[in-house]
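1. The amino acid sequence is not available; the structure is as follows:
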């Protein structure tokens, strides 16, 4: 059973704070937490820059899942419209569900109750809020770990600087920065899972210090929210509560049934069971299963041949111990980084090698813990060794309190390493596991100050910042501007402009490789990540992401037409053709139907094929319609402002010019679209 250490309340009076004597618990805790907060908040500046560059309030196809879930929860149901979930919809008994937990959706309830105007636009704000919560939780967790090691001794200036540097590096020099590279649902789930798991661990340490019911309740609530945001991360504090309950039960058995209990077991039992029960209840309501996920019911599994083949071979599951060797090797490999001659000069490594020929669902571009967070890994190893050795009173106190949350975080890792999917975002799952022993290691190093030790720590912080921050920033920029599933054309174009500018300012050849083809030539069948392709005289610019060519800039000459008009012009119950092109069997058109409720449906027709978009709200004034009929990519997409209203990949008509249909009943202004990034490439 864990040893309890007396902890004076943080609210205790602070004698001597006025007369210059060492600060008491209140001021000591406040100064320490403020130092950690200051370091962490400075470390959030790169997050803010990335989120702004990713389109902070712009609508994102992979950013509206939680908004749709929030609206459904207000209607007291779990199912959501299938079109809101795209390929991530799970259709069970004719209804669509998301496998993402509801915690970020719960945070959206106040907004969803008032309006749907911000649907798809809140993910970046949520990511920033999660990062702030992470910094706040870390400050409290660091204080409690440091107090276990150093007791009531006031923290000196070196300690304050050391922990402030730790907070800064966790924010700016870890895989948490990667999560801000793209405002998508996958990153948001992990960001909140990490933030809430760290908060649950801090509350758990507060409970172990004095066995206060309020701290236990906080730990249980935060663990519940964490596991309902990201199970693979939130499972850590949930298991920690279970381990503490098991330890207390074992202590009672060893002491004998007649012995007096030091504290009641009922509250701890409730705190440990509630997260499990609520998670199981949500999963049962969605999927008719307590813990399982019906992967065959996912929309992606209905049309993706590769996914279908994988599920046939794996028995319908994405999880299994056979995937662990490959994922573990990838996540700890020291060579998970490559050099690039173009800005930002660092890139992801080549694809990971599958061990034992085990098939994987997806192996995405991924770095490793050793490369992205070497400082955290080293501190965690040092802290683990010190906690196991228990050579000092501080190490013994820390080991007695940290064993449960540490073991819980370790026991949760099989969920991450046992999935047939390798991705760089999953590195953040390991942050709580590394943070706990790393904080203990840092506290033990700083507990015996000395001029030599302090100089080493200062030098270490400088080196860690110089290595970890650029690496994580470069990988985040590459993902945001090249590899991300939600990367937009303007983000690709911005990265190309930055690369061109770096080539102009710096000596040597910094430019990306550029190929050129004629206006009527098809795209090459292959390419390397980062290579550029210019069509004609900058009619279009494409970039290869390692898998396929992606559009960077497309002009009217390449099948793009941007217009401003009043979309509601046909009137309720009417329809009119806005854009048209081609003739006969190759004719294509975009028709806008106005429903009786005033919402618009965009209808795409190509030959004898038709695709209807979901109904969207129609602004009262003029709006911009941006349509691209790209025969080279065999795709069509139509935007209204930043929302894709209809699109498909069946386009194959000749690349002749689009035009405004003469029957459209409102004035139309054509908006020229040039290609500045392409023109900046030169000859």
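-> That came through, no problem. In this text, all values refer to a predicted model and were calculated from it rather than measured experimentally.

2. give me the low-pLDDT residue ranges for this structure?
-> For the chain, applying pLDDT under 70 flags the ranges 1-26, 256-263, 449-452, 584-585, 648-657, 682-683.

3. Can you spell out the domain ranges of it, please?
-> Domains of the chain are assigned by automatic domain parsing as 25-479, 489-552, 557-679.

4. Redo the ones you listed as a markdown table? Include mean neighbour count.
-> All C-beta spots, glycine's among them, are computed from the backbone N, C-alpha and C. Listed next are the domains of the chain as a markdown table, based on neighbours: other C-beta atoms under 10 Å:
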| stretch | mean neighbour count |
| --- | --- |
| domain 25-479 | 20 |
| domain 489-552 | 17 |
| domain 557-679 | 17 |
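
5. Give me the residues contacting stretch 275-287.
-> Here stretch 275-287 makes contact (C-beta atoms under 8 Å, 6 or more residues apart in numbering) with 78, 90, 92, 97, 99, 101-102, 220, 223-224, 227-228, 231, 234, 238, 241, 289-294, 297.

6. In strands, which of those residues appear?
-> Using DSSP state E, the subset of the contacts of stretch 275-287 located in strands is 90, 92, 97.

7. Closest one of those residues to residue 492?
-> residue 90 (31.0 Å; C-beta to C-beta).

8. That closest one reaches residue 293, doesn't it?
-> Yes. The pair residue 90 and residue 293 passes the contact test of C-beta atoms under 8 Å, sitting 7.5 Å apart.

9. what touches both of those two?
-> What both residue 90 and residue 293 touch, as defined by C-beta under 8 Å, 6+ apart, is the set 99, 287.

10. what sits against the closest residue in space to residue 307 that isn't next to it in sequence?
-> In space, and not counting its chain neighbours, residue 307 is closest to residue 301: 5.0 Å by C-beta to C-beta, 6 or more residues apart in numbering. Counting by C-beta under 8 Å, 6+ apart, residue 301 touches 295, 307, 308, 311.

11. Over to residue 506?
-> Applying C-beta under 8 Å, 6+ apart, we find residue 506 in contact with no residue.

12. how near is it to residue 322?
-> To residue 322, residue 506 is 46 Å away according to C-beta to C-beta, to the nearest Å.

13. and if you look at residue 53?
-> 39 Å.

14. List the contacts of the closest residue to residue 630 other than its chain neighbours.
-> Leaving aside its sequence neighbours, residue 630 sits nearest to residue 559 (C-beta to C-beta, 6+ apart; 5.5 Å). By C-beta under 8 Å, 6+ apart, the contact set of residue 559 is 628, 629, 630, 631, 655, 658.

15. ditto for residue 471
-> Residue 471 sits next to 173, 337, 346, 367, 371, 372 when contact means C-beta under 8 Å, 6+ apart.

16. in a strand, that's where it is, yeah?
-> No. Per DSSP: H, G, I helix; E, B strand; the rest coil, residue 471 lies outside any strand segment and is helix.

17. thinking again about what came up before, just the ones of the contacts of residue 471 in strands?
-> Judged by DSSP E, the subset of the contacts of residue 471 located in strands is residue 346.

18. Adding distance to residue 212, write the contacts of residue 471 out as a markdown table.
-> What follows is these, written out as a markdown table (distance: C-beta to C-beta, whole Å):
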| residue | distance to residue 212 |
| --- | --- |
| 173 | 34 |
| 337 | 45 |
| 346 | 47 |
| 367 | 41 |
| 371 | 41 |
| 372 | 37 |
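
19. which one among the contacts of residue 471 gets closest to residue 573?
-> residue 367 (54.8 Å).

20. Residue 193 against residue 232, yeah?
-> Yes. Judged on C-beta under 8 Å, residue 193 makes contact with residue 232 at a distance of 7.4 Å.

21. With residue 628 as the reference, measure out to the residue nearest to residue 630.
-> Residue 559 is 6 Å from residue 628, by C-beta to C-beta.

22. Which two of the contacts of residue 301 have the greatest separation?
-> Pairwise distances across those (C-beta to C-beta) peak at 10.5 Å, for the pair 295 and 308.

23. Could you report the distance from the residue nearest in space to the middle of the chain to residue 127?
-> Taking C-alpha atoms, centre = their mean, the centroid of the chain lies closest to residue 187, which sits 1.3 Å from it. Shown here: residue 187 relative to residue 127, a distance of 6 Å by C-beta to C-beta.

24. which residues do those two both contact?
-> Common neighbours of residue 187 and residue 127 (criterion: C-beta under 8 Å, 6+ apart): 179, 180.

25. coming back round to it: among the contacts of residue 471, which one lies nearest to residue 483?
-> Using C-beta to C-beta, the contacts of residue 471 come closest to residue 483 at residue 367, 12.0 Å.

26. ok, the spatially closest residue to that closest one that is not a sequence neighbour - contacts?
-> Nearest residue to residue 367 in three dimensions, chain neighbours excluded: residue 336, at 4.3 Å (C-beta to C-beta, 6+ apart). Residue 336 sits next to 330, 348, 349, 366, 367, 368, 370, 371 when contact means C-beta under 8 Å, 6+ apart.

27. same check, this time on residue 537
-> Residue 537 makes contact with residue 519 under the criterion C-beta under 8 Å, 6+ apart.

28. how far away is it from residue 68?
-> Per C-beta to C-beta, residue 537 is found 43 Å from residue 68.

29. Residue 663 and residue 646: what is the separation?
-> 19 Å.

30. returning to that earlier point: which strand or helix spans the residue nearest to residue 307?
-> helix 299-303 (DSSP states H and E).

31. How far does that helix sit from its chain's centre?
-> Taking C-alpha atoms, centre = their mean, to the nearest Å, one finds helix 299-303 lying 23 Å from the centre of the chain it belongs to.

32. likewise stretch 390-406?
-> That offset, for stretch 390-406, works out to 32 Å (C-alpha atoms, centre = their mean).

33. which residues are contacting that stretch?
-> Contacts of stretch 390-406 (C-beta under 8 Å, 6+ apart): 2-3, 5, 145, 148-151, 201, 204-205, 208-209, 236-237, 240-241, 243-244, 247, 386-389, 433, 436-437, 440, 443-444, 447.

34. show me where the stretch 1-150 of the chain has helices.
-> 25-43, 45-53, 65-74, 82-85, 103-114, 123-150 (DSSP state H, counting those that start in this stretch).

35. got these as CSV, with distance to residue 517 columns?
-> As requested, these are exported to CSV (distance: least, C-beta to C-beta, whole Å):
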stretch, distance to residue 517
helix 25-43, 44
helix 45-53, 30
helix 65-74, 38
helix 82-85, 36
helix 103-114, 44
helix 123-150, 36
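
36. out of those, nearest to residue 569?
-> Closest to residue 569 of those is helix 82-85 (C-beta to C-beta; 24.9 Å).

37. helices and strands around the closest one, which ones?
-> Using 3 or more C-beta pairs under 8 Å, 6 or more residues apart in numbering; DSSP states H and E, the elements in contact with helix 82-85 are helix 65-74.

38. how far off helix 123-150 does the helix it packs on point, in degrees?
-> Angle of helix 65-74 versus helix 123-150, following axes from the mean of the first three to the mean of the last three C-alpha atoms, to 10 degrees, is 90 degrees.

39. what's the angle from helix 65-74 to helix 103-114?
-> Using the same axes, to 10 degrees: helix 65-74 against helix 103-114 is 60 degrees.
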